[in-house]
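[1] Sequence and predicted structure are below.
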Amino acid sequence: MNIEYTKDLSGISEDMLDGGFFVGWPNPPNKATHMKILRNAYCAVLAVDRSCGKVVGFVNAISDGVLAAYVPLLEVLPDYQGQGIGSELIKRILEELGDIYMVDICHDEELAPYYARFGAYPSPASLFRNFDAQSGRV
């Protein structure tokens, strides 16, 4: 395994995006929508396994570039989990967002200790979800 981390999407194609992301989603984004998510992000960091030429993890951020950022997605393919890839992706996206005041991420309650390792603290949140649009806006 030869993992390379990159912010440069110029060498990334839809073919490199494995269908194994978005585990448990009943209506996950397809590869074209996934690529659009990455391209439209304020910033994104990808983990690429150069030995097989595929993206094995990614994190993205949406931001106003001044005060606030939101990290909507951190995904690592199941076969690559438990190897520190997700932690490295979080470290790198936080470095990218380093001078922004508020960086928010919503997650399941059981993941709070994971994000606390990076300095996050739990906070109440209210969420709106349109599950009919889970695979992406048409």
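    Great, that's in hand. No experiment lies behind these values; they were computed from the predicted model shown. Numbering: from 1, shown residues only.

[2] how about the strands in this protein?
    Listed in chain order, the strands of the chain (DSSP state E) span 3-6, 43-49, 54-63, 68-76, 102-104.

[3] Direction included, what does the shortest one pair up with?
    Its sheet considered, strand 102-104 pairs with strand 68-76 (parallel) by DSSP bridges.

[4] and the partner strand with strand 43-49, angle?
    Put simply, strand 68-76 runs at 10 degrees to strand 43-49, going by axes from the mean of the first three to the mean of the last three CA atoms, to 10 degrees.

[5] which residues are in contact with strand 68-76?
    21-22, 37, 42, 47, 56-63, 85-86, 89-90, 93, 97, 100-106 (CB atoms under 8 Å, 6 or more residues apart in numbering). Where C-beta positions appear, they are placed from N, C-alpha and C, glycine not excepted.

[6] ok, longest helix in this protein?
    Longest helix of the chain, by residue count under DSSP state H: helix 85-96.

[7] Can you check what angle separates that helix from strand 68-76?
    160 degrees.

[8] what bridges to the residue nearest the centre of the chain?
    In the chain, the residue lying closest to the centroid (CA atoms, centre = their mean) is residue 59, at 2.2 Å. Following DSSP bridges, residue 59 is listed with bridge partners residue 45, residue 74.
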